[in-house]
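[1] following is a predicted model, sequence given first.
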Amino acid sequence: MKIKLYDATPVHRDNMIKLVEQGYYNGTTFFRVIKNFMMQGGSSDTRNAPAGVALGENDTLKYAIQSEIHNGIYHKKGALAQAREDNPEKRSHGGEFYIVQGKVYLPDSLEAYAKRRKFTLNDDQRKIYTTVGGTPHLDGNYTVYGEVIEGLNIIDSICNVPTTKEINDRPLKDIVMKVWMIK
């Protein structure tokens, strides 16, 4: 996959660049994968982790990043966003990220979904989620700071691997990352 980082989110962009340049993500895995939702990775405790163990709870990166949530940047398919613990400021985790797979909604089902989950949609969101797809209920709650610009099919491949619900949707076979910068 090839990912473009957004200039509108400089703290998250620069943090990702720093970690990639340090080689932090190499050897980590996508440790939580949920079909039609997202794939999460970037936790140091996933390197060479034994099978059958829940991951993402013992990451060595213990810092948080200020929220950079922007109207107009949505959780469309391929969106790169930072994971976070529950906190009122919506600060992001230092290293853990997720990439959205989501799904394409029919207009009526999107409206019903928004009503059920108690959020409102603007025209841009309606267009995105009924054409490209994504996860609209995450908008305004997590910082999106980039997007996949090549390799959307890889998201589908990863999100379709067998996982175990008993171990936080961990893939049965590790999906190891190799990450580098193209300038």
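    Looks like it came in fine. Residues are numbered from 1 along each chain as shown.

[2] just the helices in the chain please.
    Taking DSSP state H, the helices of the chain run over residues 10-22, 107-117, 123-131, 152-159.

[3] for this structure, which segments count as strands?
    Counting by DSSP state E, the chain has these strands, from start to end: 2-5, 30-34, 38-41, 64-65, 79-82, 92-93, 97-100, 144-150, 163-164, 170-171.

[4] quick one: which of the helices of the chain is nearest Asn141?
    Among those, the nearest to Asn141 by CB to CB is helix 107-117 (11.2 Å). Where C-beta positions appear, they are placed from N, C-alpha and C, glycine not excepted.

[5] can you pull out the low-pLDDT segments for the protein?
    The chain contains no residues with pLDDT under 70.

[6] ok, back up a step: CSV please, covering the strands of the chain and showing mean neighbour count and distance to Ile17.
    Shown next, in CSV, are the strands of the chain (neighbours: other CB atoms under 10 Å; distance: least, CB to CB, whole Å):
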stretch, mean neighbour count, distance to Ile17
strand 2-5, 15, 7
strand 30-34, 23, 20
strand 38-41, 24, 17
strand 64-65, 18, 13
strand 79-82, 26, 13
strand 92-93, 24, 15
strand 97-100, 26, 13
strand 144-150, 20, 11
strand 163-164, 16, 30
strand 170-171, 22, 27
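
[7] show me the one of those strands that comes nearest Lys127.
    Short answer: strand 79-82, nearest of the strands of the chain by CB to CB, at 15.0 Å.

[8] alpha carbons only: can I get that closest one in PDB?
    C-alpha atoms of strand 79-82 as PDB (Å, rounded to 0.1, in the frame of the first residue of the first chain):
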ATOM      1  CA  ALA A  79      -8.400   6.500   5.700                       C
ATOM      2  CA  LEU A  80      -5.400   6.300   8.000                       C
ATOM      3  CA  ALA A  81      -6.300   7.300  11.600                       C
ATOM      4  CA  GLN A  82      -4.700   7.100  15.000                       C
END
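
[9] who are the packing partners of that strand?
    The helices and strands touching strand 79-82, judged by 3 or more CB pairs under 8 Å, 6 or more residues apart in numbering; DSSP states H and E, are strand 97-100, strand 144-150.

[10] now distance to Asp108 too, for the strands of the chain, in CSV please.
    Shown next, in CSV, are the strands of the chain (distance: least, CB to CB, whole Å):
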stretch, distance to Asp108
strand 2-5, 33
strand 30-34, 24
strand 38-41, 24
strand 64-65, 37
strand 79-82, 24
strand 92-93, 34
strand 97-100, 22
strand 144-150, 26
strand 163-164, 30
strand 170-171, 34
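
[11] relative to Gly56, which of those is closest?
    strand 30-34 (5.3 Å).

[12] off-centre distance for the closest one?
    10 Å (CA atoms, centre = their mean, to the nearest Å).

[13] so which of the strands of the chain is nearest Asn48?
    Closest among the strands of the chain, using CB to CB: strand 30-34, at 12.4 Å.
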